[in-house]
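1. sequence and predicted structure are below.
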Amino acid sequence: MLIVEGLSAGYGEVNVLSEVSIEVGHNESVAIVGANGAGKSTLVNAICGLIPTRRGRITKDGRDIHALPAHCRAELGIAVVLENRHLFGELSVRQNLELALNRGRLRKSASIQLGIQDVLELFPFMNERLNSAVDLLSGGEQQMIAISRALLLKPDLLIMDEPSTGLAPKVVKAIVSVVASLRGRGMSLILVEQNVAVAEQNSDRAYVMSLGRVVKHVDRGGWSEFARSELVTAYLGRQ
Ligand SMILES: Nc1ncnc2c1ncn2[C@@H]1O[C@H](COP(=O)(O)OP(=O)(O)OP(=O)(O)O)[C@@H](O)[C@H]1O
Ligand SMILES: [Mg+2]
């Protein structure tokens, strides 16, 4: 479904990613792990079109998308939950969700069709907070709204950049269980994570990044050996 080949990208004069190649299959959940500054978010930005590709190709379902603007990639089914969420803080939860719903209508043939009622079932706390301004909610609550908003775009590839960072274990558990329920429902996932345990629990395979490159591929069946190895401390620091 998604193939990134020999990707270089960066900001201004600075090149961050060098020769990055990853693949994500249909219905697959793939983790991207790596230390702070490894280039994970830059890869996310490049895949969803927030920064240009300098070299290499990005194809989705056989179509080269590397030169398409971000909104076209969204219409092709790529939705992203960015690190800093990018919600409209002064608008209510309902208004944030409705904006996404309107955009999601552009994807008529999507295999996943989630409406507001469906995301309220996934994250029931939102029922009581629909009219609250997003700025007044906690970080964990905002993260759940950001995930809901991405789902309303009817993606077939959902990219989440560190959804568990800074959140209480209870919130992480709620998010993880929603992620688990999305797997196997026709959605592919890219999960950026620094927490190896959360990544292992929620993905089939992983790419380890360091200094803007993919330095290791953890294949199916290789997770538990990797998670217990010294490579984790070497690439990600103490867990
Ligand atoms: N907007 C930007 N302008 C210039 N350089 C940037 C920008 N964003 C990131 N960088 C640089 O790119 C490199 C990779 O950053 P990136 O945010 O992709 O790492 P990361 O793996 O997501 O880290 P973290 O785990 O801290 O989120 C860093 O050296 C960073 O300083
Ligand atoms: Mg990041």
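-> Great, that's in hand. All of these numbers come straight from a predicted model, not from anything done at the bench. Ligands and ions are numbered 1, 2, ... in the order given.
2. for V179, what are its contacts?
-> S29, M160, P163, L189, L191, N202 (C-beta atoms under 8 Å, 6 or more residues apart in numbering). Any C-beta I mention is one placed from the backbone N, CA and C, and that applies to glycine too.
3. now, which of those residues lie within helices?
-> Applying DSSP state H to the contacts of V179, the entries found in helices are N202.
4. and the contacts of V179, which two are the farthest apart?
-> S29 and P163 (12.5 Å; C-beta to C-beta).
5. got any residues that touch both of these two?
-> With the criterion set as C-beta under 8 Å, 6+ apart, the overlap between the contacts of S29 and P163 is V179, L191.
6. which parts of stretch 201-219 are buried?
-> Applying a neighbour-count criterion of 16 or more other C-beta atoms under 10 Å, the buried positions in stretch 201-219 are 201-210, 212-214, 216, 218.
7. restrict the residues you listed to contacts with ligand 2.
-> Filtering the buried residues of stretch 201-219 for proximity to ligand 2 by C-beta under 5 Å from the ion leaves nothing.
8. now, which of those lie within strands?
-> Using DSSP state E, R205, A206, Y207, V208, M209, S210, R213, V214, K216, V218 are the members of the buried residues of stretch 201-219 that sit in strands.
9. quick one: the second one from ligand 1, how far?
-> It refers to A206. Spatial separation of A206 from ligand 1 under the definition C-beta to the nearest ligand atom, to the nearest Å is 14 Å.
10. dump the residue contacts of that residue.
-> Counted by C-beta under 8 Å, 6+ apart, A206 has contacts V30, A31, I32, V33, A199, E200, H217, V218, W223, F226.
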